[in-house]
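*Asks:* quick one: sequence and predicted model below, then my questions.
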Amino acid sequence: MSNNPVYLALDVPRLDAAEALARKVKDHVGGIKLGLEFFCAHGHHGVREIQKVGLPIFLDLKLHDIPNTVAAAMQAINTLNPAVVTIHAAGGRAMMEDAKAAAGENTKVVAVTVLTSLDNDDLSAIGITADPMEQALRLAELSQAAGLDGIVCSGHEVGAIHKQWKDGYFVVPGLRLPDSKLADQKRIVSPREARDNGASLLVVGRPIRGAEDPLAAAKAIEETL
Ligand SMILES: O=c1ccn([C@@H]2O[C@H](COP(=O)(O)O)[C@@H](O)[C@H]2O)c(=O)[nH]1
């Protein structure tokens, strides 16, 4: 298996286009991340098609419901043998424990702490008085106590979380190169900075997918690491 920590977020509506892109960059990324957009459109069949490319699959489903429902959903995806699956830490400790217990033994279960698209104001608007750093640290601690493999956070928090959870598995999205014009992600760092701060897996979507030459973009990011 490749040591490249970059997983390409294949948020592409058409299955043939998704597969073609995965094949194009496959030697310059470490895995493929399939999210809600892809899974809702193509389900298990789509995942199996992308698996034929030969890279590990990260199912970013961000499960968040009562414990029984999340555990059942986890069991329903075990046949796909994903390398990584996401749930939301805000679902609480019991939900996280049941999700981990239901997951396959080769699957890392990681919990989203604070989405990288949120800043202080967004947290206040949903009644959270902590800032993103405090909230991410609190939810990382809860995820660790629940027996998860790791968490999802931004590159701003990963260093602090790594200090309190030495052997955690840390997924970092919201990665941008300095000249990026993509503005929806609010807590961003470069792939290199995230890796240096302790990220285990780097999620990169539009900086590769939306580039004029995705293969050149994947190679350029790989060279910065
Ligand atoms: O906090 C989070 C959790 C997940 N994501 C996902 O990562 C990719 C990022 O794509 P870009 O195009 O590189 O912004 C996307 O699939 C999100 O659903 C996240 O961005 N932040």
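*Replies:* Good, I have the coordinates.
*Asks:* in this protein, which residue is closest to the centre?
*Replies:* V171 (5.3 Å; Cα atoms, centre = their mean).
*Asks:* how close does that residue get to the ligand?
*Replies:* 8 Å (Cβ to the nearest ligand atom, to the nearest Å). Bear in mind the C-beta positions are built from the backbone N, C-alpha and C, glycine included.
*Asks:* next: L63.
*Replies:* In terms of Cβ to the nearest ligand atom, L63 sits 13 Å off from the ligand.
*Asks:* tell me the secondary structure for D167?
*Replies:* coil (DSSP: H, G, I helix; E, B strand; the rest coil).
*Asks:* is the ligand contacted by the helix or strand where L139 lies?
*Replies:* In the assignment (DSSP states H and E), L139 maps to helix 132-145. No: against the ligand, helix 132-145 shows no contacts by Cβ under 6 Å from any ligand atom, the least distance being 9.9 Å.
*Asks:* T116 and L182 touch, don't they?
*Replies:* No: counting by Cβ atoms under 8 Å, T116 does not reach L182; the two are 11.6 Å apart.
*Asks:* quick one: which of these two has more around it?
*Replies:* The neighbour count for T116 versus L182, taken as other Cβ atoms under 10 Å, is higher for T116 (25 against 13).
*Asks:* neighbouring contacts of the helix or strand containing I87?
*Replies:* Per DSSP H and E: I87 is located in strand 84-88. Defining contact as Cβ atoms under 8 Å, 6 or more residues apart in numbering, one finds that strand 84-88 is touched by 56, 58-64, 70, 74, 77, 95-96, 99, 103, 107-112, 152, 169, 171, 201.
*Asks:* go again with 6 Å.
*Replies:* Outside strand 84-88, the residues that touch it by Cβ atoms under 6 Å, 6 or more residues apart in numbering are 58-60, 62-64, 99, 107-112.
*Asks:* before we move on, the earlier item: helix, strand or coil for the residue nearest to the centre of the chain?
*Replies:* Assignment for V171 (three-state DSSP): strand.
*Asks:* who's it bridged to?
*Replies:* In this entry, V171 is beta-bridged to V152, L201, by DSSP bridges.
*Asks:* packing partners for the lengthiest strand in the chain?
*Replies:* In the chain, assigned by DSSP state E, the strand with the most residues is strand 57-63. Where contact means 3 or more Cβ pairs under 6 Å, 6 or more residues apart in numbering; DSSP states H and E, strand 57-63 is packed against strand 31-35, strand 84-88.
*Asks:* a markdown table for the ones you listed, including mean pLDDT, mean neighbour count and distance to the ligand?
*Replies:* Formatted as a markdown table, the helices and strands packed on strand 57-63 follow (pLDDT from 0 to 100; neighbours: other Cβ atoms under 10 Å; distance: least, Cβ to the nearest ligand atom, whole Å):
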| stretch | mean pLDDT | mean neighbour count | distance to the ligand |
| --- | --- | --- | --- |
| strand 31-35 | 98 | 24 | 4 |
| strand 84-88 | 98 | 24 | 7 |
